[in-house]
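Asks: structure for this input, please:
(one chain, ligands or ions: 1)
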Amino acid sequence: MERLARVFSKQDELITLDEDYKDEFETFKSLAALPVDKRQRFQQLAIKLLQDFEQPHDTKKCAERSRNLREEGNLVFRGSSEDAVLNACRLYTAAVFEAEDAVDELSLAFANRGMALQEYGYYREAYDDCANALECGYPEKVRHKVIMRQAYCAWKLEKIALLEEHLDCLEKLKLNESFQQQLDNLKQKLELLKNQANEQETQEKVEDKALGEILTDPGQRGRYMVAKENISKGNVIFSERASCFVPLQQLLICQQCAASLMSAPIPCPKCHQRVVYCSRKCREAHSAIHKYECAAYRKDLLKLLGVSHLALRLVLAYIPHIMPHLQERTSAQSIWDEIMNLARKPEVCEHAPEYLRSLRMVSLLDQASKAELTYHILCANFLQLYLKGHTDFFDQFRSMSASTEDWQLIISALILRFAGQLLANGHVGDALLVVGMEPNEFVALQPDLWQKPRHLKRGQLHNLSHSELITAINLPNLSLCNHACEPSIRTKFDGCSVVNYAAKDILHGEEIFNCYTRDYMNSLKLQRCEPLKDVYKFECACTKCTQTDPDQNYLSFHRYRCENPNCRQEFLPDAKVQRNNLIWWLASNIENPIICTVCQERQHFAWYKEFLELIWSCADSSKRQALFKAFDDLDQWLVDYHSLKRLLAEELVNACFVEIDEGTSLDELAYEDLARIIRKQLEGTAAQCGDTSMEYIARMTYLWDIIAQKKCRTSKKELLEMKGKVEYLASEHREVFLNYYNDFIEQQCN
Ligand SMILES: C[S@@+](CC[C@H](N)C(=O)[O-])C[C@H]1O[C@@H](n2cnc3c(N)ncnc32)[C@H](O)[C@@H]1O
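Replies: Below is the predicted model of the structure:
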């Protein structure tokens, strides 16, 4: 990071930006027009840095590490422990990762992992690993073992054509008696399968609903979306699948579909374990992008470039669509003019291809600060030089009329343009992950959690309660929604797809709003204004911001009863006196004590410290009881759904579950208390964040665990209501939640 900053700062000294920002193309044209020696120095700085980023690599050491891990996996696999198979899968996965480009070891690691995955019941993944092993050159002598395994998995997956193919291949090999027996068995299975049913590829048909249409306002708010008909709360307004996203913080999620619950991640062997796929199919689908990014991942430079990495992905994904419009263009200027023509064409309808919808997103670079603009220019230039020097990206333009230099100019300008657009239009997607897991560990391979594929053990659902931002993602349809502090949509992120539900009833012709910041229930007006102005360059005039008391909703979650025995009145803190920060419990806000607005006495919150002390000692059952009582006593100071009550409930529940997870058994009353506190917390969460929010669902997992263990009373109504929330989860999580419900909870409906 430091090296890049140093180079950028030296480059910055060599360029002067015009006072008036014109556009991305003019910007790079003026850089190209720098005096030759200056321009060379400017570019050499970046080119040298790109070379310096190359990382040493020792294939022999990789092979050694991989072999050790695989051998460790073999020992575990042969062992008798309950978790042997999944633990072996973890070690074999580590062996696959560590092998990197040591293909001999890689093929063995894949083959062994395939064996363990098959044993555990992950047949699709096991099938892929057999193919991976063969592709990496699995030894000829023993290939029949892997092919037999593939055939077995194909049978389990009911893939008739694949099964036939593998059996044909095995027929041609010389097999010993035992393998011949297996082959004969599988041949019989094939006949049975053929008689059973026609193999049908279940194609998930994504219905392309769109209950919103796009209108344009000549003013600042530009394009916006309105309801084409009355839409009831909870209905789907529109869904969208992104073709471009990047994992945040180099998370190891599938680069193609953003799956986060992978059981057999397949890494790219060339870029030092930084890129993974959930299947061979995803790896294949992403190859057109990755072939240009692989070297950058290898140098580990993409993490330094923020939004420009996503901008690069847009360029890589859309260039093949844009190029046919530009075949005859002979100069950079005419190419750029045509791209801008495409970007300006009126919005035909929501069915315009994604690259056009993305080209048409608004950009706010003309309003960016000089420092911000310079940074994005230097990032775009850096990436263009990377593509030129370290990939064959520019070869595709050889058949075009314009020169490679022209295309270099265009690509720099396009990366800059997309980066500028993404600053105002980019989104971040979330998913439920496990807290505190090492970055190179995978949820689906944790033996403590699972009883079989996609079925958690009883009492383990709460481990999937950590909602984290995992992707920076381009969704040009969702980007058409303008901002209001009370959004009309609830967006569900499902890998790289989104589904937008109506968050309230919306009337025909009403504008459909997204919320770009924390909403009016979760922030003061002043706290929202700043990012809206800084990032999105507008002042919010939504109904919530313009009402007489714009903070009333937020403040209703901050009602106190005064501690002063002579006052004891209910009061709402004054946001101005509190300097727009009511979160006194954070250490950073210690200077912001809460003042009673009735008697003007400062509140000392002695009970808060006592509560935390009880949490720290909640391993002790008498302290635990005192803690439950202290929670009920919070009502003396915190009124209704005070947001601190929710937070303290969370601390309490987490602390108790740490004890439960460590084997402490709570008595019946304690479980009932815990369930009561979670229900209160859920009520508060529903009031402030909505009862379909990720916050709600995350906290609900704790109640499901208590119910699954038959430790608290419940009603059919409560169970069915909670089951309904699963709709708002990504499909891979929905499957796990529904399995859990069916395995442990459904039975209690009776
Ligand atoms: C994600 S885009 C929304 C779609 C945009 N109106 C368009 O024409 O493409 C965000 C930009 O739209 C404008 N915008 C969004 N909400 C607005 C609002 N409530 N008032 C004024 N401008 C708004 C701002 O320029 C903001 O940077």
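
Asks: how about the residues of the stretch 201-350 of the chain near the ligand?
Replies: Residues of the stretch 201-350 of the chain that fall close to the ligand, judged by Cβ under 6 Å from any ligand atom: Gln220, Arg221, Gly222, Arg223, Tyr224. From N, CA and C alone the C-beta is placed, and that goes for glycine too.

Asks: return the set of residues that bridge with the fourth one.
Replies: It stands for Arg223. Note on Arg223: beta-bridge partners by DSSP bridges are Thr216.

Asks: and it, what does it touch?
Replies: Ile214, Leu215, Thr216, Asp217, Glu347, Leu480 (Cβ atoms under 8 Å, 6 or more residues apart in numbering).

Asks: now the last one: how far from Ala368?
Replies: I take that to be Leu480. 22 Å (Cβ to Cβ, to the nearest Å).

Asks: what parts of the stretch 651-750 of the chain come near the ligand?
Replies: Contacts of the stretch 651-750 of the chain with the ligand, taken as Cβ under 6 Å from any ligand atom, are absent.

Asks: neighbours around the residue in the stretch 51-200 of the chain that the ligand sits nearest to, how many?
Replies: Residue nearest to the ligand within the stretch 51-200 of the chain: Phe53 (33.4 Å; Cβ to the nearest ligand atom). For Phe53, the number of neighbouring residues by other Cβ atoms under 10 Å comes to 18.

Asks: kindly report the same for Glu177.
Replies: Residue neighbour count, defined by other Cβ under 10 Å, stands at 7 for Glu177.

Asks: where's the residue in the stretch 1-150 of the chain that the ligand sits nearest to, which helix or strand?
Replies: Using Cβ to the nearest ligand atom, Tyr21 is the residue of the stretch 1-150 of the chain that sits closest to the ligand, at 16.0 Å. In this assignment (DSSP states H and E), Tyr21 forms part of neither any helix nor any strand.

Asks: out of everything not next to it in sequence, what's closest to it?
Replies: Distances taken as Cβ to Cβ, 6 or more residues apart in numbering put Asp366 closest to Tyr21, at 4.8 Å, once the chain neighbours are dropped.

Asks: before we move on, what about Trp637?
Replies: Nearest to Trp637 is Arg561, by Cβ to Cβ, 6+ apart, at 5.7 Å.

Asks: also Phe513?
Replies: Counting by Cβ to Cβ, 6+ apart, Ala484 is the residue found nearest to Phe513 once chain neighbours are left out, at 3.6 Å.

Asks: the one you found contacts Ile512, doesn't it?
Replies: No: if you go by Cβ atoms under 8 Å, Ala484 and Ile512 don't touch, sitting 9.4 Å apart.

Asks: one step back: list phi and psi for the residue nearest to Tyr21.
Replies: Main-chain torsions, Asp366, degrees, to the nearest 10: phi -70, psi -20.

Asks: can you tell me how far it sits from Asp18?
Replies: Counting by Cβ to Cβ, the gap from Asp366 to Asp18 is 11 Å.

Asks: give me the more crowded residue out of the two.
Replies: Asp366 (12 against 9).

Asks: is it correct that the more buried one is in contact with Glu24?
Replies: No: in this structure, Asp366 is not within contact of Glu24 by Cβ under 8 Å, at 10.4 Å.

Asks: that older thread, Ala484 and Ile512: who's more crowded?
Replies: Per other Cβ under 10 Å, whichever of Ala484 and Ile512 has more neighbours is Ile512, with 26 against 21.

Asks: who touches that one in this structure?
Replies: Contacts of Ile512 by Cβ under 8 Å, 6+ apart are Gly212, Met225, Val226, Ala227, Ile237, Cys481, Ser488, Ile489, Ile506.

Asks: neighbours around the second one, how many?
Replies: In this case it means Met225. There are 28 residues near Met225, going by other Cβ under 10 Å.

Asks: lowest confidence element among the helices and strands of this structure?
Replies: strand 212-216 (a mean of 74; mean pLDDT, DSSP states H and E).

Asks: can you pull the buried residues of that one?
Replies: By neighbour count on 16 or more other Cβ atoms under 10 Å, the buried set for strand 212-216 is Gly212, Glu213, Ile214.

Asks: roughly how far is it from the heart of the chain?
Replies: 28 Å (Cα atoms, centre = their mean, to the nearest Å).

Asks: which other residues reach it?
Replies: Contacts to strand 212-216, defined as Cβ under 8 Å, 6+ apart, come from residues 222-228, 237-238, 347, 349-350, 480-481, 512.

Asks: ChimeraX command for the buried members of those residues?
Replies: Entered in ChimeraX, the line below selects the buried ones among these, by 16+ other Cβ under 10 Å:
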select :223,224,225,226,227,237,238,350,480,481,512
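
Asks: which of the contacts of strand 212-216 fall within strands?
Replies: Residues of the contacts of strand 212-216 located in strands (DSSP state E): Arg223, Tyr224, Met225, Val226, Ala227, Ile237, Phe238.

Asks: contact partners for the residue nearest to the second one when sequence neighbours are not counted?
Replies: The shortest distance from Tyr224 to any residue other than its chain neighbours is 4.6 Å, reached at Asn482 (Cβ to Cβ, 6+ apart). Asn482 sits next to Arg221, Gly222, Tyr224, Met225, Glu511, Phe513, Asn514 when contact means Cβ under 8 Å, 6+ apart.

Asks: where's the dip in pLDDT among these?
Replies: On pLDDT alone, Arg221 ranks lowest of those, at 84.

Asks: now the nearest residue to it once chain neighbours are set aside: how far from Ile489?
Replies: Nearest in space to Arg221, with sequence neighbours left out and distances taken as Cβ to Cβ, 6+ apart, is Asn482 at 5.4 Å. Distance from Asn482 to Ile489, counting by Cβ to Cβ: 11 Å.

Asks: so what sits against both of those two?
Replies: Joint contacts of Asn482 and Ile489 (Cβ under 8 Å, 6+ apart) are Phe513, Asn514.

Asks: quick one, what contacts whichever residue of the chain sits closest to the ligand?
Replies: The chain approaches the ligand most closely through Gly222 (2.6 Å), counting by Cβ to the nearest ligand atom. Counting by Cβ under 8 Å, 6+ apart, Gly222 makes contact with Thr216, Val362, Asn482.

Asks: repeat that for 6 Å
Replies: Val362 (Cβ atoms under 6 Å, 6 or more residues apart in numbering).

Asks: follow-up on the earlier one: and the residue of the stretch 1-150 of the chain closest to the ligand, how many residues sit next to it?
Replies: Applying other Cβ under 10 Å, we find 16 residues neighbouring Tyr21.

Asks: now Lys537
Replies: Using other Cβ under 10 Å, Lys537 has 15 neighbouring residues.

Asks: cool, Lys172 as well?
Replies: Neighbours of Lys172 under the rule other Cβ under 10 Å: 7.

Asks: give me phi/psi at the residue lying closest to Phe657 once chain neighbours are set aside?
Replies: If the residues on either side of it in the chain are set aside, Phe657 comes closest to His462, at 5.8 Å by Cβ to Cβ, 6+ apart. Here is the backbone geometry of His462 (degrees, to the nearest 10): phi -60, psi -20.

Asks: ok, His462 - contacts?
Replies: So His462 contacts Phe657, Thr701, Tyr702, Asp705 (Cβ under 6 Å, 6+ apart).

Asks: what's the helix or strand for the second one?
Replies: It refers to Thr701. helix 694-708.
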